[in-house]
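> just the structure for this:
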Amino acid sequence: MSYDLTLATLAIRRDRTPDWSAAAEAIDCLDLATVWATGDDFFPLEAWLGTEPAPSDTAPRPVRRGRGARAAARVPVPPDAVAVRRVVRNAQRDLALAAQEVRTALEYPSPGELLVIELPQHVMYVTGGATSGDPPSELFEPFTQFAEAGIARAAGFEWSTRYAAWAIDDRRPDFKSEDLRAVRAARAFLYAEDAAIPKVPRYKRGSPDEWLARLRGPLQGAKAAVDDDAAGRALLHFFSEALALMVALQEASPDRKGVARERIVEEAVELLDHVASPRRRSIRRVADLAAHAFEPFARLLAASTDEGDVEWASELERQGGSVSPGVETELSVRVISEGLTALADVFGDRLCEIRPEHAAHAIRPDRAAGSLPPAELDYRCYLAWCAVRRWDWEAAEAAIGHPSVGLFSLRDDLDDLRDAVEGETRSLVTCQAIEDVRVWLTVSEEDFSTLGGALRRLGEAGVLRAAGALAWG
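Residues are numbered from 1 along each chain as shown. Alright, predicted model coming up:
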């Protein structure tokens, strides 16, 4: 059985601390392309879509190395709006958990989980090890997902091991224009949903007049906004209020008894695939569209009494429907679906900049981690490493001095190290470059024949320092 040295590393400047608020914002603003267009199957799209069982603890997912094309038999291309929502929501859930594990590991470091390397300008965190295919450590997958989703970069980490085929900045969905429109509309829906769900209880009490006031406020704000971004924020606020009202009314409707909220929301998302209205390029026209589309529903609200849903239901039935179909028609189709699509037409990839302020994925450490018993593995012994800017082999030879019986092994060790550095032999050896510093890592020689012993002996004899090593361990 062959083994590879598979490591996941993160590096941050010594004078910085991770910005976990920025990391949470990056999860909130996750773009579909980041996890969809990796050029391989790095992220578990099928599991997120529900077309493949999620991997269990007894059947770990193999290490994804970012080399092959995606096996996408059960991944729709392009994805419909419901698929977009499922992928983004499940990705956000998994990335929030990964970020929590990373933060916990960094704030409560355990030598059984990772190695901490102090470099001149950076602190480097390393996990992983020798593996024949399975994830080499419990932290390996959280580290790689945290990095490949762009969360690490948002938090301030300047370097991470790359595994996906395409770099984050190169990921673009290969969709037609009309398909990309639905994808962006679905993303706008998710921003509205993030803000809407906490508001649903407010619409399960009070009068239609109070509901109408909550809805008209942001519409008027959009009309009075002094710039496009302010108008966009006001409109997205309005759509979140409309969505909250729609969910509240459907959950209260006798016709919808027993229907889960998740299904109600997905039914609204499905409508985004059928919007055929012309594209809007002006935020003012989107505001006019929202106000015009809302008026029929507003008249229903205004005609209702303070008695609430009973009279409102009667009014809707008189017009040819029940509470549920009436809400579906006026709010889901005309107001929410068409309005969010128009908003996405205008803002495109800038939707995150106008989203309502709502932190859905706060990242907090697991404080119980500090009380865990010590692990059997100690990374300080398991991994050997050496950091260097430039090797000085002549100085290393001079540090060994004249051959003698006790010094022949050091010369052999130095030859083995030089062969690995110059690429002649690299069994279970890897190099990570952080700016102008290269960090060479290998596993210990206890279980494998590696450079681990050579680095230890050369370090203890002062040869590594003479060769230009900044630090070693």
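
> what mean pLDDT does the longest helix seen in the chain get?
Longest helix in the chain by number of residues (criterion: DSSP state H): helix 81-107. The pLDDT scores in helix 81-107 average 95.

> before we move on, what about stretch 283-298?
82.

> hmm, who's touching that stretch?
Counting by Cβ atoms under 8 Å, 6 or more residues apart in numbering, stretch 283-298 makes contact with 212, 215-216, 219, 222-223, 228, 231-232, 235, 238-239, 242, 280, 330-331, 334-335, 338-339, 342-343, 345-346, all of which sit outside it. Yep, even glycine has a C-beta here, placed from its N, CA and C like the rest.

> flag every buried residue along that stretch.
Across stretch 283-298, burial judged by 16 or more other Cβ atoms under 10 Å covers Ile283, Val286, Ala287, Leu289, Ala290, Ala291, Ala293, Phe294, Phe297, Ala298.

> got it, and stretch 198-207?
So stretch 198-207, judged by 16+ other Cβ under 10 Å, has buried residues Lys199, Val200, Tyr203.

> closest to Trp472 out of these?
Nearest to Trp472 out of those is Lys199 (Cβ to Cβ; 56.4 Å).

> helices along the stretch 101-250 of the chain, start to end?
For the stretch 101-250 of the chain, helices defined by DSSP state H, counting those that start in this stretch occupy the ranges 140-148, 151-155, 177-196, 208-224, 228-252.

> highest average neighbour count across those?
Comparing the helices of the stretch 101-250 of the chain by mean neighbour count (mean count of other Cβ atoms under 10 Å), helix 140-148 comes out on top with a mean of 25.

> the stretch 301-450 of the chain: helices as residue ranges?
All helices of the stretch 301-450 of the chain, identified by DSSP H, counting those that start in this stretch, fall at 309-318, 323-327, 338-347, 379-382, 393-400, 408-421.

> what are the buried residues along the fifth one?
By neighbour count, and taking 16+ other Cβ under 10 Å as the criterion, the buried residues in helix 393-400 are Trp393, Ala396, Ala399, Ile400.

> now swap in the last one and tell me
Going by neighbour count (16+ other Cβ under 10 Å), the buried part of helix 408-421 is Leu410, Asp413, Leu414, Asp416, Leu417, Arg418, Ala420, Val421.

> again with stretch 112-129
Across stretch 112-129, burial judged by 16+ other Cβ under 10 Å covers 112-115, 117, 119, 122-129.

> out of the helices and strands in the chain, which is least certain?
Ranking every helix and strand in the chain by mean pLDDT, DSSP states H and E puts helix 323-327 at the bottom, with a mean of 44.

> got the domain boundaries for the chain?
4-174, 177-354, 380-472 (automatic domain parsing).

> how distant is the shortest one from the center of its chain?
Domain 380-472 sits 37 Å away from the centroid of its parent chain (Cα atoms, centre = their mean, to the nearest Å).

> measure that domain end to end?
11 Å (Cα to Cα, to the nearest Å).

> between the domains of the chain, which gets the lowest average pLDDT?
domain 177-354 has the lowest average pLDDT among those, namely a mean of 81.

> hang on, the earlier thing: for Trp36, find the nearest of the helices of the stretch 101-250 of the chain.
Checking those against Trp36 by Cβ to Cβ gives helix 177-196 as the closest, at 9.1 Å.

> what distance do you get for Val116 to Met124?
Remark: distance between Val116 and Met124 (Cβ to Cβ, to the nearest Å) = 7 Å.

> count of neighbours near Arg261?
Arg261: 12 surrounding residues under other Cβ atoms under 10 Å.

> verify the stated contact: it with Ala248.
No. At 10.0 Å, Arg261 does not count as touching Ala248 under the criterion of Cβ atoms under 8 Å.

> rewinding a little: dump the domains of the chain to CSV, plus distance to Ile363.
Listed next are the domains of the chain as CSV, based on distance: least, Cβ to Cβ, whole Å:
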stretch, distance to Ile363
domain 4-174, 5
domain 177-354, 16
domain 380-472, 24
